[in-house]
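Chemist: Fold the following for me, if possible:
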Amino acid sequence: MAQENERIIQSRVGEVGVPPERVIRFPRGLIGFEHHKEFTLIHLKEDSPFHLLQSMDDPKLGLLVADPYSFMTEYEVVVGEADRRILGVDDRRKVAVFVTVSIPVGRPELTTLNLSGPLVINYETRIGLQVPQTDAKYPSHFMPGSATGQNGTPSESAESSGDAEEK
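Modeler: Take a look at the predicted model:
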């Protein structure tokens with residue numbers, strides 16, 4: 001039974017009820033999907049780092065995303081001052097970071113994470129931004145578990161941060 005004010009949407013995993021507090025607004029959209037502004041995160045399985053970032057308006061637009069820290073111990077996301085203002089971030093512990101995931105059909109061993117275009121979401125304001133990174137140590141096709149440093153870093157020189165860095 002749908003709760004009051006809950007929006008029922010069609011998603012890539014079926015019909016889903018989305019309460020207003022679960023709608024995330026991306027004011028600039030996402031790269032390649034600039035006209036889509038409202039999304040929700042659907043957790044695919046308990047104890048899994050994977051979520052579906054589902055468009056509220058287009059049932060065909062659902063991107064597989066993951067918590068990058070589940071795959072690597074060090075990942076530093078630089079968020080500029082202008083983006084922090086849009087996100088309403090006054091404390092970086094109030095944001096979540098996700099990366100898009102590509103899994104080739106029938107070839108899960110070739111799964112890649114896009115570390116160069118992370119999604120930063122402020123759960124309090126329900127605002128999200130895709131924040132492109134310019135550091136070459138974070139590729140757009142990072143294969144977890146391969147060519148990594150001892151701590152699961154994309155390079156031996158990666159600096160430890162653990163979450164969104166303010167710059």
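
Chemist: correct me, but residue 15 touches residue 7?
Modeler: No. Using C-beta atoms under 8 Å as the test, residue 15 is too far from residue 7 to be in contact (11.0 Å). Where you see a C-beta, it was placed from the backbone N, CA and C, and this is true even at glycine.

Chemist: need the helix or strand of this structure with the lowest average pLDDT.
Modeler: Among the helical and strand segments of the chain, the one scoring lowest on mean pLDDT, DSSP states H and E is strand 164-166, with a mean of 50.

Chemist: Which parts of this protein are helices?
Modeler: With DSSP state H as the criterion, the chain has helices at 81-87.

Chemist: Can you give me the neighbour number for residue 87?
Modeler: 23 (other C-beta atoms under 10 Å).

Chemist: need the contact list for residue 132.
Modeler: Going by C-beta atoms under 8 Å, 6 or more residues apart in numbering, residue 132 touches 31, 116, 117.

Chemist: separation between it and residue 143?
Modeler: As defined by C-beta to C-beta, to the nearest Å, residue 132 lies at a distance of 20 Å from residue 143.

Chemist: go on, residue 65?
Modeler: Between residue 65 and residue 143 the distance is 17 Å, computed by C-beta to C-beta.

Chemist: Of the two, which one has the most company?
Modeler: Between residue 65 and residue 143, residue 65 has the larger neighbour count (other C-beta under 10 Å), namely 24 against 15.

Chemist: Isn't that one up against residue 50?
Modeler: Yes. Because the distance of 7.3 Å satisfies C-beta under 8 Å, residue 65 is recorded as touching residue 50.

Chemist: Which residues are in contact with each of those two?
Modeler: residue 101.

Chemist: Who wins on neighbours among the contacts of residue 132?
Modeler: residue 116 (19 neighbours).

Chemist: got the contact list for the residue lying closest to that residue once chain neighbours are set aside?
Modeler: Nearest-residue entry for residue 116: residue 140, 4.5 Å, with adjacent residues in sequence omitted and distances by C-beta to C-beta, 6 or more residues apart in numbering. For residue 140, the contact set (C-beta under 8 Å, 6+ apart) comprises 112, 114, 115, 116, 117.

Chemist: distance of the residue nearest the centre of the chain from residue 129?
Modeler: The chain has residue 98 as the residue nearest its centroid, 2.5 Å off, counting by C-alpha atoms, centre = their mean. Between residue 98 and residue 129 the distance is 11 Å, computed by C-beta to C-beta.

Chemist: Lovely, talk soon.
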